[in-house]
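Asks: Sequence and predicted model, in that order:
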Amino acid sequence: MHIDHHPLVHDFPEQRAELHDLRQADPDFARLADEYESLDKRICRIEEGIELLADDALALLKRERVDLKDQVATRLAPPAAQCCGCCKG
């Protein structure tokens with residue numbers, strides 16, 4: 001069975017330079033991106049059968065990976081695309 005890795009540079013190819021720059025300039029973003037990459041690698045090891053984990057626990061890890069990717073995407077969004085919340089109504 002072929003297992004797809006989900007590295008950030010493949011999921012955000014048009015923002016490769018921004019990913020690199022943020023990782024260099026922002027320690028919090030670097031930690032977030034590293035946490036995502038580490039979790040993605042662990043999920044792949046589980047799916048490949050290298051590491052064992054129950055299906056429900058794997059599903060939780062996958063949800064955590066989605067949450068981390070959403071956080072990364074939010075940080076990569078151009079400032080004008082980030083809503084301050086004042087336009088809701």
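Replies: It's in.

Asks: drop to CA atoms for contacts and neighbour counts, all remaining ones
Replies: Noted.

Asks: Off-centre distance for the least confident helix or strand in the chain by mean pLDDT?
Replies: When the helices and strands of the chain are scored by mean pLDDT, DSSP states H and E, helix 8-11 comes last with a mean of 90. Counting by CA atoms, centre = their mean, to the nearest Å, helix 8-11 is centred 9 Å from the centre of its parent chain.

Asks: Buried residues in the helix or strand just after that helix, which are they?
Replies: The helix or strand immediately downstream of helix 8-11 is helix 16-25, counting by DSSP states H and E. Of all the residues in helix 16-25, those buried under the rule 16 or more other CA atoms under 10 Å are Leu19, Leu22, Arg23.

Asks: Name the nearest of these relative to Val9.
Replies: Val9 lies nearest to Leu19 out of those, by CA to CA, at 7.5 Å.

Asks: so what's that closest one up against?
Replies: Applying CA atoms under 8 Å, 6 or more residues apart in numbering, we find Leu19 in contact with Val9, Leu76.

Asks: From Pro78, how far out is it?
Replies: Separation of Leu19 from Pro78 (CA to CA, to the nearest Å) stands at 13 Å.

Asks: got it, and Pro13?
Replies: 15 Å.
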